[in-house]
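> Based on what follows, work out the 3D shape:
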Amino acid sequence: MSRSGITTSENREVTLLDYGVGNVRSVRNAIKYLGFEVREVTKPEDILTAKRLIFPGVGSYGAAMDILKRKDFVDPLKEYLAEGKPFLGICLGLQLLFEGSEESSGVEGLGVVPGMVTAFDPSQGLVVPHMGWNGLEQRKPSAALGCVEDKRVYFVHSFRALETEKNSEWVLSTTDYGGEFVSSIQKGQVTAMQFHPEKSGAVGLELFKSFLEGHEKVPEATSLAVGALPTVAPLCLM
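Sure thing, here's the model as predicted:
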């Protein structure tokens, strides 16, 4: 039993919101590699009772919101986020926190973060989707990104959120690709990343470890054996 009254097994449990659109095996592999147990969301109540919730969004904005509504996950998810419980959104899991996206006109997002998600402009000569390794410009102190520093992380997406006056307090980092876009957000224990930590090698595992252990100080990324890292080809194209 821990000092908080929660058993050790509960402390090693993380809830995964996989709504069935894509393969999130690489996220599961990363969680298990770090010694944590995966608890799957199968009903709305599983979201509300989660100690830590990871939401690796895959697929299109509109389709994802439709599935969340059909499964009655929207209200519990909003309640969980409003309570400020530990949350990690990945790729589309970041975008769905905003009010909407150009990808799916008229579809309302979760509306937790002010602003709209917009498409990259290929007329600027950009290759879309933005795919590959890029750096982060951290905007405020946070242990959530403490291990990244000048290292690069892996992106695969065609849409992105931009910083505005209304959402600037959420912005944890930005990345430059034809201009600055929001690459991670955080307020309290709610964190989300446009990039894929599960595909970012040792530094990505350290990011997961930081979240799973409460953003406490973690060892240098080199302490993990790179050859043993779980890897799966990128899937999210948002």
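
> and the longest helix seen in the chain, how far out from the chain's middle?
Taking DSSP state H as the criterion, the chain has its longest helix at helix 201-212. Distance, stretch centre to chain centre, for helix 201-212: 12 Å (CA atoms, centre = their mean, to the nearest Å).

> Of all the residues in that helix, which ones are buried?
201, 202, 203, 204, 205, 206, 207, 208, 209, 210, 211, 212 (16 or more other CB atoms under 10 Å). In this view, the C-beta of every residue, glycine as well, is placed from N, C-alpha and C.

> try stretch 126-140
So for stretch 126-140, counting by 16+ other CB under 10 Å, buried means 128, 129, 130, 134, 136, 138, 139.

> List the ones among those residues that fall in strands.
If you go by DSSP state E, those have 130, 134, 138 in strands.

> possible to save these as TSV with distance to residue 109 and pLDDT?
TSV is the format used below for these (distance: CB to CB, whole Å; pLDDT from 0 to 100):
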residue	distance to residue 109	pLDDT
130	20	96
134	24	97
138	25	95
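
> Make CSV out of those residues and add distance to residue 62.
Compiled in CSV, those are given as follows (distance: CB to CB, whole Å):
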residue, distance to residue 62
130, 20
134, 26
138, 32
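
> quick one: contacts for residue 76?
44, 45, 47, 48 (CB atoms under 8 Å, 6 or more residues apart in numbering).

> roughly how far apart are it and residue 114?
Distance from residue 76 to residue 114, counting by CB to CB, to the nearest Å: 22 Å.

> Give me the distance between the longest strand along the chain and the centre of its chain.
Assignment by DSSP E gives strand 180-187 as the longest strand of the chain. Centroid separation for strand 180-187 versus its chain: 10 Å, with CA atoms, centre = their mean.

> any idea of the mean pLDDT in that strand?
The predicted model assigns strand 180-187 a mean pLDDT of 97.

> List the contacts of the helix or strand following that strand.
Using DSSP states H and E, the helix or strand that directly follows strand 180-187 along the chain is strand 190-193. Outside strand 190-193, the residues within contact range by CB under 8 Å, 6+ apart are 55, 81, 84-91, 93-94, 97, 112, 144, 153, 172, 183-186, 207, 211.

> Separate out the buried members of these.
Buried residues within the contacts of strand 190-193, defined by neighbour count using 16+ other CB under 10 Å: 55, 81, 85-91, 93-94, 97, 112, 144, 153, 172, 183-186, 207, 211.

> Show me where the protein dips below the pLDDT cut-off.
Confidence mapping of the chain against pLDDT under 70 gives the ranges 1-10, 21-23, 215-238.

> which residues in it form helices?
So, for the chain - with DSSP H - the helices run 8-11, 25-33, 44-48, 61-70, 74-82, 92-95, 201-212.

> Can you say which of those is nearest to residue 165?
Closest of the helices of the chain to residue 165 is helix 92-95, at 19.3 Å (criterion: CB to CB).

> quick one: contacts for residue 124?
residue 178.
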